[in-house]
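*Asks:* coordinates only, sequence not included:
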């Protein structure tokens, strides 16, 4: 098999393609011949050496794949061989073959190709946890979605639109037309506009009931201030630490300094009737049955045409460095994939 390895912490050029023997599925596992693998911002942080859950470097990262089952381990129905699937994996996704516990593998709905399948698991499960499972968004409420043009952002927009919420999205101007086409009611150019002031202007001072924020740093402070009573802020990343292509101690220290360490205290939360929560799919691996239940609901929404990943671009394994550059240069509107 072929794999993309992070050889050392650094810029995208540290990514290397290496050959290895095909893995054999263990008990309760299936082996997938990978046709496409999703790239997530956690992979970018891992490459930079700033991802806290990374076991170590060198390593093969990647949390989601799609392809075809070509072997099964003991305890798995042999009839699954040949099934077109999508799957979640704890690292190892940048591989042409991977073994995954069967409970983390889902048959792709009719008509879903591998590229679409690889674009779905992490982004839509993260959005589901943010908007539905923990965010509790309801019809008539207003949600502010940061990085609305990214994979998770687009997934959150589609889910929030289905719920019947008013949607405010932050993104660069080149992404606004597409975002309006999928249901964003108000677009904010985060490069030239203060999202705090614009959100309060849009809501006529009322604030928002839900925020989905993967930016971090001072964005958390501003977000907390614009929450309406009963408002919730879901934090699922800190992209502000990745200001360059390599690890920056200064950027990390700046982010830590800007975090609202004293604002999110119990007394403030009680007195202001606000809530703050965090989402990290990488820490949900022991919740397989819960995740499987969420995934079945998401796949049903896909079958009904309510949600659908937007694949922006695909790169071959040999172009993995270019793929990481593409994401960090914020060129993508939707998901970026790797193909073996």
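*Replies:* In hand now; what should we look at? Keep in mind that this is a model prediction, so the values were computed, not measured.
*Asks:* tell me where the stretch 151-300 of the chain has strands.
*Replies:* All strands of the stretch 151-300 of the chain, identified by DSSP state E, counting those that start in this stretch, fall at 166-171, 186-189, 208-213, 227-235, 275-278.
*Asks:* tell me which strands the fourth one pairs with, and in which orientation.
*Replies:* Okay, so that is strand 227-235. Each strand paired with strand 227-235, and its direction, by DSSP bridges: strand 208-213 (parallel), strand 275-278 (parallel).
*Asks:* in CSV, list the ones you listed along with mean pLDDT.
*Replies:* Converted to CSV, those look like this (pLDDT from 0 to 100):
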stretch, mean pLDDT
strand 208-213, 98
strand 275-278, 95
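*Asks:* export those strands to CSV and append columns for mean neighbour count and distance to residue 92.
*Replies:* Any C-beta I mention is one placed from the backbone N, CA and C, and that applies to glycine too. Formatted as CSV, those follow (neighbours: other Cβ atoms under 10 Å; distance: least, Cβ to Cβ, whole Å):
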stretch, mean neighbour count, distance to residue 92
strand 208-213, 26, 28
strand 275-278, 16, 25
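*Asks:* thinking again about what came up before, with distance to residue 331 added, can I get the strands of the stretch 151-300 of the chain in CSV?
*Replies:* Shown next, in CSV, are these (distance: least, Cβ to Cβ, whole Å):
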stretch, distance to residue 331
strand 166-171, 12
strand 186-189, 16
strand 208-213, 21
strand 227-235, 25
strand 275-278, 28
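*Asks:* among these, which is nearest residue 312?
*Replies:* Across the strands of the stretch 151-300 of the chain, the minimum distance to residue 312, taken as Cβ to Cβ, is reached by strand 166-171, at 13.0 Å.
*Asks:* just how off-centre is the closest one within its chain?
*Replies:* Centroid separation between strand 166-171 and its chain, computed with Cα atoms, centre = their mean, to the nearest Å, is 17 Å.
*Asks:* stretch 206-226 now?
*Replies:* Remark: stretch 206-226 is offset 18 Å from the chain centroid, using Cα atoms, centre = their mean.
*Asks:* and that stretch, end to end?
*Replies:* End-to-end span of stretch 206-226 (Cα to Cα, to the nearest Å): 8 Å.
*Asks:* what are the buried residues along it?
*Replies:* Across stretch 206-226, burial judged by 16 or more other Cβ atoms under 10 Å covers 207-220, 222-224, 226.
*Asks:* where does the stretch 201-340 of the chain have low pLDDT?
*Replies:* Scanning the stretch 201-340 of the chain with the threshold set as pLDDT under 70 gives 238-262.
*Asks:* would you turn the strands paired with strand 227-235 into JSON lines with distance to residue 315?
*Replies:* Converted to JSON lines, these look like this (distance: least, Cβ to Cβ, whole Å):
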{"stretch": "strand 208-213", "distance to residue 315": "27"}
{"stretch": "strand 275-278", "distance to residue 315": "30"}
